[in-house]
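# Just need the structure, nothing else, for what follows:
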Amino acid sequence: MDRTAGQNRAAAHLYPGIDPFDQRMIGVGDGHRIYVEQCGNPDGMPVVVLHGGPGGGCSPAMRRYFDPEFYRIILFDQRGCGRSQPHASVENNTTWHLVRDIELIRDGLGIDEWVVFGGSWGATLALIYAETYPDNVSNLILRGVFLMTQRELDWFYGGGAGQFFPERWHNFETLIPEDERDDMIGAYARRLFSGDMTQEIRYARAWAGWENGLAAMNVQSTSESAADYARAFARLENHYFANKGWLDEDGWILKNRHLIEHIPATIVQGRYDMICPPHSAFALSKGWKKAQLRMIPTAGHALSEPGITAELIRTTNALRDQNVQK
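This is a model prediction of the structure:
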């Protein structure tokens with residue numbers, strides 16, 4: 001889950017814009033090419049940024065959470081979205097393909113270990129990657145935790161969040177006939193993959209609009225997403241959620257947390273996150289001695305929420321300062 005709209009809003013405590021020193025398209029097999037960029041210090045501490053969605057794509061604003069004199073910042077558009085090709089494609093596009101792509105990028109750039117920074121679905125992917133390759137992760141920085149569980153999907157697509165935003169849920173729900181509303185993910189899938197481009201875009205905008213409207217605590221967006229963005233975002237999210245992230249069992253991430261408990265982690269969570277409620281962040285941090293849960297009292301889900309932005313920058317600066325002192 002997650003959307004990049006709104007992340008370009010200026011904030012005084014963000015680092016200024018940073019131009020990439022390296023941009024490339026990488027063939028990862030299976031007919032996919034992914035966009036990868038590097039910026040900051042080529043000799044700095046490497047950090048890979050995992051965007052949300054699935055399907056959200058990376059944005060220039062994501063570079064600005066890191067001191068460019070200290071960090072070597074790596075961003076990429078996951079399969080099927082952003083500048084990666086083929087656009088909006090779900091073929092050969094699963095969680096395990098993405099984990100393999102992250103490892104291919106790390107190895108190709110000659111990085112032994114790196115900081116992994118991700119929010120929402122990016123936090124999900126960060127955790128799965130770390131549990132798969134724990135020796136390659138030095139630190140985890142997570143925001144708006146989503147654990148890819150049925151409980152979370154039921155909350156957002158089964159009417160839970162709709163109890164707080166009934167008018168928005170009404171708009172999302174009433175596009176689907178009543179006899180299909182017991183499975184909104186499945187109902188939207190039939191329309192997002194119908195082959196009728198007009199229909200796909202209509203339902204993609206509704207899917208993206210439901211999530212985008214709940215992202216920020218004080219600013220609920222009413223604008224429609226661009227058609228290309230919405231189609232990739234909605235199709236990829238729906239595809240991943242319909243398949244439960246291709247995890248072997250519900251609760252897989254927490255059941256495998258022991259594999260990463262030696263890795264220092266900071267978890268930044270909005271108290272009033274309606275997309276990824278705080279229960280998941282709390283469950284992830286409970287009993288993890290090297291994890292710090294930082295609950296932001298007046299914040300929702302979005303990366304651009306002022307309290308979340310400030311806490312993430314404090315976190316990346318603290319990690320910088322710890323390593324400078326060594």
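# which stretches of the stretch 1-150 of the chain form strands?
22-29, 32-40, 45-50, 71-76, 114-119, 137-143 (DSSP state E, counting those that start in this stretch).
# Including mean neighbour count, could those go into CSV?
Backbone N, C-alpha and C define where each C-beta goes, glycine included. Shown next, in CSV, are these (neighbours: other C-beta atoms under 10 Å):
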stretch, mean neighbour count
strand 22-29, 14
strand 32-40, 21
strand 45-50, 24
strand 71-76, 26
strand 114-119, 26
strand 137-143, 25
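# Can I get those in JSON lines including distance to Pro166 and mean pLDDT?
What follows is those, written out as JSON lines (distance: least, C-beta to C-beta, whole Å; pLDDT from 0 to 100):
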{"stretch": "strand 22-29", "distance to Pro166": "42", "mean pLDDT": "97"}
{"stretch": "strand 32-40", "distance to Pro166": "39", "mean pLDDT": "98"}
{"stretch": "strand 45-50", "distance to Pro166": "33", "mean pLDDT": "98"}
{"stretch": "strand 71-76", "distance to Pro166": "37", "mean pLDDT": "98"}
{"stretch": "strand 114-119", "distance to Pro166": "27", "mean pLDDT": "98"}
{"stretch": "strand 137-143", "distance to Pro166": "27", "mean pLDDT": "98"}
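# In this structure Thr309 contacts His13, no?
Yes - counting by C-beta atoms under 8 Å, Thr309 touches His13, with 6.9 Å between them.
# for Gln292, what are its contacts?
Counting by C-beta atoms under 8 Å, 6 or more residues apart in numbering, Gln292 touches 265-267, 285.
# ugh, wrong one, I meant Tyr240
54, 94-95, 121 are the contacts of Tyr240 under C-beta under 8 Å, 6+ apart.
# among those, which two are most distant?
Spanning the widest gap among the contacts of Tyr240 are Thr94 and Trp121, at 13.2 Å by C-beta to C-beta.
# Which of those two has more residues huddled nearby?
Trp121 (29 against 17; other C-beta atoms under 10 Å).
# and the more buried one, what does it touch?
The contact partners of Trp121, by C-beta under 8 Å, 6+ apart, come to 1-2, 51-54, 56, 146, 237, 240.
# can we see that at 10 Å?
Residues near Trp121 by C-beta atoms under 10 Å, 6 or more residues apart in numbering: 1-2, 50-56, 78, 95, 98, 144, 146, 148, 236-237, 240-241, 245, 276.
# Figure out how far the longest helix along the chain is from the centre of its chain.
Counting residues, the longest helix found in the chain (DSSP state H) is helix 306-325. Relative to its chain's centre, helix 306-325 lies at 19 Å (C-alpha atoms, centre = their mean, to the nearest Å).
# Any buried residues in it, and which?
Buried residues in helix 306-325, counted by 16 or more other C-beta atoms under 10 Å: 306-313, 315-317, 319-320.
# where in the stretch 151-300 of the chain is pLDDT low?
219-223 (pLDDT under 70).
# 90 instead?
Within the stretch 151-300 of the chain, the stretches with pLDDT under 90 are 217-225.
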